[in-house]
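Undergrad: quick one: sequence plus predicted model below, questions after.
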Amino acid sequence: MDPAALTIALAGNPNAGKTTLFNALTGLKQKVANYPGVTVERKIGVWDVAGNSARLIDLPGLYSLDTTSIDEKIAGDVLLGKIDGIARPDVVVAVVDATNLERNLYLVTQIVEYGIPVVIALTMIDVFEKQKHEIDIARLEKKLGVRVVAIDAKTGRGVEDLERQVSAARDSTPNVPIAFHGDVNDDTNAKIFSRYKFISDAIQDSVRHNDRDAHRVSDKIDRVLTHKFFGLVILVAVLLLIFQTIFTWATVPMDLLDSGFGSLGDLVRSAMSAGVLTDLIVDGIIAGVGGILVFLPQILLLFLFISLLEDSGYMARAAFLMDRLMSRVGLHGKAFLPLISSFACAIPGIMATRTIEDQRDRFATIMIAPFMSCSARLPVYTLMIAAFFAGQTVLGFISLGAVLMLAMYSLGILVAVVVAFILKRTVLKAPPPPFIMELPPYRMPNIRTVFTNMLERSWLFVKRAGTVILAISIILWALMYFPRTEVQSSKFNIQGEEQLGTPNSEPGTASGSEQLRNSFAGKLGHVIEPVIAPLGFDWKIGVALIASFAAREVLVSTLSIIYNVGKEQDAQSQSLVSALHDEKKADGTPVWTPLTALTLMVFFVLAMQCMSTVAVVRRETNSWRWPIFMVVYMTGLAYFAAFLTYQGGRALGIG
Amino acid sequence: MTTLRELPAGSSAKVKTVHGKGVISKRLMEMGVIPGTEIRVVKSAPFGDPIQIRVLGYSMALRKNEAATIEITAC
C-alpha cells in the first residue's frame, strides 16, 4: 500500500484528551503550521497504523461543525477535502470523553453525515470507571453504528485495537444512522434536537450512570478556587508566583546566555581577521540572535505555566473570575491571562490570545497587549531611575524609584483600558461577545502534553520572531556601521557644532561614538532631531530611539556607544550614569534632566518598539494592516504623551 | 416568562425554549441546552457575572445576558 495514501483526521471536543492522544499516536513525528490564509494551527503527524504509515491530521478542538467559527469552517473543509495539500481523510478518529458522553457525541453525529468512516476513541475511561459508571461498548457501537475503542493514552491501552479498527474501517461504507439524511448544511433547530434525541436513545440502554455526583471533586476545589473572596486571592497569588519565577529564576539562565553569546562573539572575532564580514557576524548576527534567545528562558517558563494552567483546568476558572472586569472594557474573560503574560513579554501573550474564539475580541486584545510593561522595558526604567531619581523618597520613606516604576506600569494599564474601550466601539465594533465557556473538570496535568505544548510554542516564537529580528538587527547594524569613518577623516565636521562629544577618542582611531555620529543612523538622528526636540531629546537620543525600535533594551547599549563609555555597560553602570549627567548642550546646559528621563520613560511605556512583536502580530493577524496600525497608533500616542510630559513639566517649572 | 437568569444558585429547572437568534442561541443548543433538558445553576462569579451552570453532566459558564435568553419551567 502506498503509505501516503492513508489520511486520518483526529476530531473531538476541547478538553476531550485529543492532544494527549495525538502525542501518544505520533510521538514527536509531528509538524505544526497554519492553514493557508488563517491563523488556525495545522498539526500533522505520522502515525504507524498496524504497519502502515498514515498522515494524522489534528483538527482544532470543536463542539460542532456548523461553520460559525473559523475553526469549525476549517475542520469542515478538511473533512470535505477542500484544503490544498491535504487529501480528504479516509477515516476520522473521533475523540469522545466518556465522562461527558452526550455532548461529545454531538460532534460525532455531525461527522458521520460527511460520509467518512468514523471510529470513536473513548477517552477518560479510567475516570469514568473510577466514578463507578458502567458502559456496554458493544451495545453502544450497535446503536451508534460506529466502532468504539476505549483508549488510555497514558498506558497505551486500546491503541492497538484502535489501529485495527481504523484499518478495517478505511474501506467500509459508513451508514448514516440518524433519521436525518438531509443536506450537510441544513442546520435548523429541529436537526439539533434530532441529533440529541438520537444520542440519548443510543446511550439509554448502553450506559448506566452512577447516581453519585461525578463533579464532587471539581466542585469541592471550585468552592475554594472560584470563591468570591479566596478565589481572587488565589488568582493574585498564582500570578505573583509566575512573575516571581520569571523575573528571578529566569535571570540566571538569561545571564548565562547573555555572557555565552558575548564569549561566542569574542571567539569569532579573535578567530577571524578584522573586517566588515567579522563585524557583520559578531555585531550583526551573533548580537542579533543573542538578543532574541536571551528571552527564551522567560518565554519557556511562561509557556510552561500557561500550559500547566490550561491542562489542569484552572485557565477557564481564571477567565470565569475575571470576565466581569474584562467585559467592562468590552473584552472577553479569556483575554485576562494573555494580558497578564504580556507583563513578561508581549510575544507569548499575543500567541496565547488564540484561546479567544471571536476574532474581533482577539484582535482588540492583541492591540493592547504591548502596553503592558514587559521585561525589556525594565533596563530602560532602571537606567533612568538610577541616573536621576536614585536615593530620593516620597513622604520621607517611599522610594521615588518604586513610585515611578509603579506609575509606569499603571500608565500602561490605563492606556490599554482606554484604547480597548475605543477600539471595541470603532474599528473592532461588535456586540458584547458571547461568553459561553466550558469549565472542564480539574485534572492532573499530563506532563507530556504540557512539555510538548511548551516546546512547540517556544519554538514558534524563535522561528517567527527570529527571522524578522535577525533581518532587522542586520539592517540596524548596517545603519550604524556605514559609511565607515576613516581614521582622522574630517568628514564628521559637517555637523560642526557637534564637536563636544568626542573628548575620549584617541587621535588616530575612529571611536565608536565618532563612527556612530557619522553613520546613516547618526544622520537619521539629525533628521529626526527637529521632531523630537519638543520632547527634550537631541539627535543622540534620537539615534538610541531609532535603534531601540528593534528592541527596547537596546537603548542602554546604544547610549553607551554614543556616549563612548564602552558597549558592556548595564543599566546601573556608574560610567554611563555620569556620562548622562555630563552631557551638555551647545549652550552648556545639561541635555539630561530628571524631566528628560521621565519623558523618555513615558515614551517607552507607550511606543511600539519591538520588532519581534510586530513580526508575531503579522503572523497572528495574518496581515500587515494590523501590525502597521499598531506601530503607528502606539508610537503616535507615545509621542503625544511624551510631549505633554515634557512641555507640561516645563510649564510647571520642573527640569 | 421565567429565565435562567432568575434561577437562584443551587436550584434546578427544565429548559423550555432558547430565545434569541443567531450564533449564541445555536451555540447554546449545540452544547446541549435544548428544550426538556435539566439545567442547574451552580454559582455566580465573584463580581456577580458570569454564572456557572450544569447541563448534560458538565459545567459551563455563561453571562447573565445569555442566561436571560433561556426560558425555563420548574422540573
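TA: Thanks, I have it.
Undergrad: and residue A:66, how many neighbours does it have?
TA: Residue A:66 has 20 neighbours, counted by other C-beta atoms under 10 Å in any protein chain shown. Bear in mind the C-beta positions are built from the backbone N, C-alpha and C, glycine included.
Undergrad: quick one: the strands in the chain, in order.
TA: Using chain A here. For chain A, the strands defined by DSSP state E cover A:7-12, A:30-34, A:41-49, A:52-58, A:91-97, A:118-123, A:134-135, A:147-150, A:207-208, A:393-394, A:398-399, A:436-438.
Undergrad: not what I meant, chain B
TA: Using DSSP E, the strands of chain B run over B:12-18, B:38-44, B:51-55, B:58-62, B:70-73.
Undergrad: list the contacts of the second one.
TA: Contacting residues not belonging to strand B:38-44 are listed as A:219, A:222, A:226, B:4, B:7-15, B:33, B:50-55, B:59, B:70, B:72, B:75 [C-beta atoms under 8 Å, 6 or more residues apart in numbering or on different chains].
Undergrad: now which of the residues you listed would you call buried?
TA: Buried residues within these, defined by neighbour count using 16 or more other C-beta atoms under 10 Å in any protein chain shown: A:219, A:222, A:226, B:4, B:7, B:13, B:15, B:33, B:50-55, B:59, B:70, B:72.
Undergrad: could you pick out the longest helix of chain B?
TA: Criterion DSSP state H: the longest helix present in chain B is helix B:23-30.
Undergrad: so who does residue A:385 touch?
TA: By C-beta under 8 Å, 6+ apart, the residues touching residue A:385 are A:400, A:401, A:404, A:405, A:597.
Undergrad: which regions of chain B lie under the pLDDT threshold?
TA: Scanning chain B for pLDDT under 70 picks out nothing.
Undergrad: ranking the strands of chain A by mean pLDDT, which is last?
TA: Here these differ in mean pLDDT, and the lowest is strand A:30-34 at a mean of 76.
Undergrad: follow-up on the earlier one: out of the strands of chain A, which is closest to chain B?
TA: Shortest distance between chain B and those, using C-beta to the nearest C-beta, is found for strand A:436-438: 4.8 Å.
Undergrad: that closest one close to chain B?
TA: Yes: Strand A:436-438 is in contact with chain B by C-beta under 8 Å from any C-beta of the partner chain, via A:436, A:437, A:438.
Undergrad: max pairwise distance over the contacts of residue A:385: which two?
TA: Taking C-beta to C-beta as the measure, the contacts of residue A:385 span a maximum distance of 12.9 Å, between A:405 and A:597.
Undergrad: quick one, which of those two is more surrounded?
TA: Using other C-beta under 10 Å, the more surrounded residue of residue A:405 and residue A:597 is residue A:597, with 23 against 18.
Undergrad: confidence score at the residue nearest to residue A:356 when sequence neighbours are not counted?
TA: With C-beta to C-beta, 6 or more residues apart in numbering or on different chains as the criterion, residue A:356 has its nearest non-adjacent residue at 4.2 Å, and that residue is residue A:362. In this model, residue A:362 is scored at 90, pLDDT.
Undergrad: got the contact list for the residue in the stretch 301-450 of chain A positioned nearest to chain B?
TA: Using C-beta to the nearest C-beta, residue A:324 is the residue of the stretch 301-450 of chain A that sits closest to chain B, at 3.5 Å. Under the criterion of C-beta under 8 Å, 6+ apart, the neighbours of residue A:324 are A:333, B:45, B:46, B:47, B:48, B:49, B:50.
Undergrad: do the same with residue B:26
TA: With contact set as C-beta under 8 Å, 6+ apart, residue B:26 has these partners: A:66, A:68, A:187, A:189, A:192.
Undergrad: widest-spaced pair of the contacts of residue A:324?
TA: Maximum distance among the contacts of residue A:324 (C-beta to C-beta): 13.5 Å, for A:333 and B:48.
Undergrad: so the two - more neighbours on which side?
TA: Neighbour count, other C-beta under 10 Å: between residue A:333 and residue B:48, residue A:333 has more, with 27 against 10.
Undergrad: do I have it right that the more buried one meets residue A:435?
TA: Yes: with contact defined as C-beta atoms under 8 Å, residue A:333 reaches residue A:435; the gap is 6.2 Å.
Undergrad: overlap in contacts of the two?
TA: Counting by C-beta under 8 Å, 6+ apart, the shared contacts of residue A:333 and residue A:435 are A:323, A:327, B:50.
Undergrad: what's the spacing between residue A:523 and residue A:483?
TA: Using C-beta to C-beta, to the nearest Å, residue A:523 is found at 9 Å from residue A:483.
Undergrad: so between those two, which is more surrounded?
TA: Remark: of residue A:523 and residue A:483, residue A:523 carries more neighbours, 16 against 12, as counted by other C-beta under 10 Å.
Undergrad: show me the contacts for the more buried one.
TA: The contact partners of residue A:523, by C-beta under 8 Å, 6+ apart, come to none.
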